[in-house]
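Undergrad: Model the structure of this input:
(one chain, ligands or ions: 1)
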Amino acid sequence: MTRLLVLNCGSSSVKYRLYDGEVVLDGGVVERVGEDGGPADHASALRELLDRLDLADLSGVGHRVVHGGTRFAAPTLIDDEVIRAIRDLVPLAPLHNPANLVGIEAVRRLLPDVPQVAVFDTAFHRTLPEAAARYAIDTATADRYRIRRYGFHGTSHAYVSRRTAELLGQPYAGINTITLHLGNGASACAVAGGRSVATSMGMSPLEGLVMGTRSGDIDPTIIFQLRREGGMAVDDIDDLLNHRSGLLGLAGVNDMRKLLRRRAAGDPSAELAFEIYCRRIREYVGAYYALLGWVDAITFTAGVGERSPEVRAEALAGLGRLGIAVDPGLNLGTGDRNIAVPGAEVAVCVVGTDEEREIARETRALINR
Ligand code: ADP
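TA: Next up is the predicted model:
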C-alpha cells in the first residue's frame, strides 16, 4: 500500500487528503488562514495539520501547484531547482505560487525524507498550439513579461476528458471533447485526442467564463476607463475584477445555489446574471466546436457543472442543429452519465471531478517509477 498526502495550499486555505492506496483515510480544509479566527499563516496551519495527521509510513506528498509557466508539462519530483523554478513564477501567480511554496517548504522541514511531487494546474495546457497561446500584442513585449495563455484547471480537464472517453467506451486518443469546469472558478477546454488545444483561462485565471466573483472576458479598455476616469488604483481594479465581479457583482451572490433560488423567486438581477453566465458558456462551446471541427462529447464538471440541471440545459439550449440536445429526464439524474437525448450526435456528459484523487494518482505514478 502507498500512503500519500495531497495538499492544496490556496491563498487563504489548506485542503488536504490522506490516502492509503485509493482509500481516503482523512481529509478536510483549514480555512481563514491569515484571517481573524484562523491560523496565523500557512506555516502554522501546516504545522498543526502535520502534527495531527497520522503520517506513519507516508511514501509521498503531492502538491497542487497553480503555475508551472512554460517549463512544466508534467508532474515533477520536487528538488531545490524545482523550488527555484516555482518561485521564479511567483510574478505570474502572486496569490497562489507563494502559498504552494510554503506548503512544500513546511513538508520539507517536518518530513525531510518524504518525496514530494508538484502537480501543476497549467501542465495539461502545454500542448496548446502557439496560435492558441499567443495574444495578438507586440511579440517582444509579450515575451519580455512572459505574457501568454497558460490555462488552468488542467488536472480537472485532463481527468474529466479521460473519464468521458471511458463513459463513451472509446479510446481517449480518438475523441474530441469540450470540457466545462464550472466551480467557483470556471473554465472551458477543447481536448483533441487527449491534448488540450484551446482553453478559456489565459495568462491568469481571470479570463474566459463568468465565475463566482471573477468577470471573465472583458474589454481591456474597461481597466483604462476605471483608472483614468474613475481614478482607481491598479490594485483596486484587480480586486474589483477578481473578487467583486462575476455573479457577485451582477446579483450580489457568488454562490450558484443562492442565485438559482433568487431567480426562482423572480429576482430580475439573478435572472440576468444567470443569462450572462450561460450565454458565455454557449459562446465558448460554439467557438470550440468550430475549432475542433467535430465534437464527440461536451462534459460538465465541478460544483455547478455537476449539480445544476438549469445551467446545463440553458447553456446548451437551441443547439440541435449542431447535434447537441440535452434530455430533460437524464439531466435531472445523478452520477457520471451521458445526458444527451438518446441517438443525438454529440454526447453531453456529467462527470464528477476529483482533483485530489488525480493528484494522488500522478504522485503515486511518479514516486513508484
Ligand atoms: P471550487 O471551485 O472552490 O472547488 P466547487 O467546484 O465546489 O468549488 O463549486 C462551487 C460552486 O458550485 C458554488 O457556486 C456552488 O453554489 C455551486 N453548487 C454546489 N452545489 C450546487 C447545486 N446543487 N446547484 C447549483 N450549484 C451548486
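
Undergrad: how close does residue 319 sit to residue 313?
TA: With distances taken as CB to CB, to the nearest Å, residue 319 is found 11 Å from residue 313. From N, CA and C alone the C-beta is placed, and that goes for glycine too.

Undergrad: Residue 205 now?
TA: Counting by CB to CB, the separation of residue 205 from residue 313 is 26 Å.

Undergrad: With residue 135 instead?
TA: Taking CB to CB as the measure, residue 135 falls 34 Å from residue 313.

Undergrad: Have a look at those two and say which one is more surrounded.
TA: Between residue 135 and residue 313, residue 313 has the larger neighbour count (other CB atoms under 10 Å), namely 17 against 13.

Undergrad: Let me see the backbone angles for the more buried one.
TA: Main-chain torsions, residue 313, degrees, to the nearest 10: phi -70, psi -50.

Undergrad: what residues are up against it?
TA: Contacts for residue 313 (CB atoms under 8 Å, 6 or more residues apart in numbering) come out as 326, 328, 331.

Undergrad: any idea which of those residues has the most stuff around it?
TA: Most surrounded of the contacts of residue 313: other CB under 10 Å gives residue 326, at 22 neighbours.

Undergrad: Quick check: bridge partners of that residue?
TA: residue 340 (DSSP bridges).

Undergrad: which residues touch it?
TA: Shown in contact with residue 326 (CB under 8 Å, 6+ apart): 312-313, 316-317, 339-341, 348.

Undergrad: wait, which of those is closest to residue 195?
TA: Taking CB to CB as the measure, residue 195 lies nearest residue 348 of the contacts of residue 326, at 21.6 Å.

Undergrad: What residues does the stretch 51-200 of the chain have near the ligand?
TA: Within reach of the ligand by CB under 6 Å from any ligand atom, the stretch 51-200 of the chain has these residues: 183-185.

Undergrad: from the residues you listed, which is closest to the ligand?
TA: Using CB to the nearest ligand atom, residue 183 comes nearest to the ligand of these, at 2.6 Å.

Undergrad: re earlier: may I see the PyMOL selection of the buried members of the residues of the stretch 51-200 of the chain next to the ligand?
TA: For the buried members of those, the matching PyMOL selection, counting by 16 or more other CB atoms under 10 Å, is:
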select buried, resi 183+184+185
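
Undergrad: Mind putting the residues of the stretch 51-200 of the chain next to the ligand into CSV with pLDDT?
TA: Shown next, in CSV, are those (pLDDT from 0 to 100):
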residue, pLDDT
183, 95
184, 91
185, 94
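
Undergrad: Please dump the residues of the stretch 51-200 of the chain next to the ligand into TSV; it should also carry secondary structure for every row.
TA: Formatted as TSV, these follow (DSSP: H, G, I helix; E, B strand; the rest coil):
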residue	secondary structure
183	coil
184	coil
185	coil
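
Undergrad: Format the residues of the stretch 51-200 of the chain next to the ligand as TSV; extra columns: distance to residue 81.
TA: Compiled in TSV, these are given as follows (distance: CB to CB, whole Å):
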residue	distance to residue 81
183	32
184	33
185	29
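
Undergrad: List the buried residues for stretch 77-85?
TA: For stretch 77-85, burial by neighbour count (16+ other CB under 10 Å) applies to 78, 82-83, 85.

Undergrad: In helices, which of the residues you listed fall?
TA: Those of those mapping onto helices are 82-83, 85, per DSSP state H.

Undergrad: Format these as TSV; extra columns: pLDDT.
TA: Conversion of these to TSV gives the following (pLDDT from 0 to 100):
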residue	pLDDT
82	97
83	97
85	97
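
Undergrad: Quickly check: stretch 236-246 near the ligand or not.
TA: No - using CB under 6 Å from any ligand atom, stretch 236-246 never reaches the ligand; the gap is at least 9.9 Å.

Undergrad: give me every residue that touches the residue lying closest to residue 57 once chain neighbours are set aside.
TA: Excluding its sequence neighbours, the residue lying closest to residue 57 (CB to CB, 6 or more residues apart in numbering) is residue 3, at 5.1 Å. Each residue near residue 3 by CB under 8 Å, 6+ apart is listed here: 18-20, 25, 55-59.
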